[in-house]
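1. just a sequence and a predicted model for now, questions to come.
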Amino acid sequence: MYYNGHELSEDEIWELISREESEAVVEREYLSFDGKNAEPTALSVFWTESGSVYHLTASCRHLINKTKNYYGTAEDAASCKKPRVCSACAKE
């Protein structure tokens with residue numbers, strides 16, 4: 001099986017399956033940075049309170065087990081001390 005351009009080992013396949021299952025179970029809460037937007041837009045970026053970067057998609061693997069995420073613009077993220085994009089998001 002191939003994922004993101006490389007062949008997966010059996011352990012990696014099971015990890016991916018496990019990750020997919022856990023993603024289905026975890027309910028996530030997305031909070032607007034400014035309290036005005038009801039839903040993220042195509043231009044939204046995502047971050048957590050404790051992280052140091054922002055993410056380009058809500059489905060980034062580094063957000064999988066996070067239950068409380070914020071969204072807004074990249075400028076909003078920078079004002080919350082998240083000045084750069086996540087390395088995994090930057091590769092996609």
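-> Good, I have the coordinates.

2. in the chain, what spans have low per-residue confidence?
-> Within the chain, the stretches with pLDDT under 70 are 1-4, 14, 16-28, 35-38.

3. ok, Cys86 - contacts?
-> By Cβ atoms under 8 Å, 6 or more residues apart in numbering, the contact set of Cys86 is 53-56, 60, 62. For the C-beta atoms, the positions are set from N, CA and C on the backbone; glycine is no exception.

4. and which of those is nearest to Glu92?
-> Nearest to Glu92 among the contacts of Cys86: Leu56, at 7.2 Å, using Cβ to Cβ.

5. give me phi/psi at that closest one?
-> Per-residue torsions, Leu56: phi -80, psi -20 (degrees, to the nearest 10).

6. I'd say it and Glu92 touch.
-> Yes - with contact defined as Cβ atoms under 8 Å, Leu56 reaches Glu92; the gap is 7.2 Å.

7. tell me which of those two has more neighbours.
-> Neighbours per residue, other Cβ atoms under 10 Å: of Leu56 and Glu92, the larger number sits with Leu56, 16 against 9.

8. run through the residues that contact that one.
-> 45-46, 85-86, 89-90, 92.

9. list just the nearest of the contacts of Cys86 to Ala78.
-> Tyr54 (8.0 Å).

10. the closest residue to that closest one other than its chain neighbours: neighbour count?
-> Nearest non-adjacent residue to Tyr54, counting by Cβ to Cβ, 6 or more residues apart in numbering: Ala77, 3.8 Å away. If you count neighbours by other Cβ under 10 Å, Ala77 ends up with 24.

11. so which bits of the helix or strand Ala77 falls within are buried?
-> Applying DSSP states H and E as the criterion places Ala77 in helix 74-79. Neighbour-count burial for helix 74-79, counted by 16 or more other Cβ atoms under 10 Å, picks out 74, 76-77.

12. need the residues you listed in a markdown table (columns: distance to Pro40).
-> Shown next, in a markdown table, are those (distance: Cβ to Cβ, whole Å):
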| residue | distance to Pro40 |
| --- | --- |
| Ala74 | 13 |
| Asp76 | 12 |
| Ala77 | 12 |
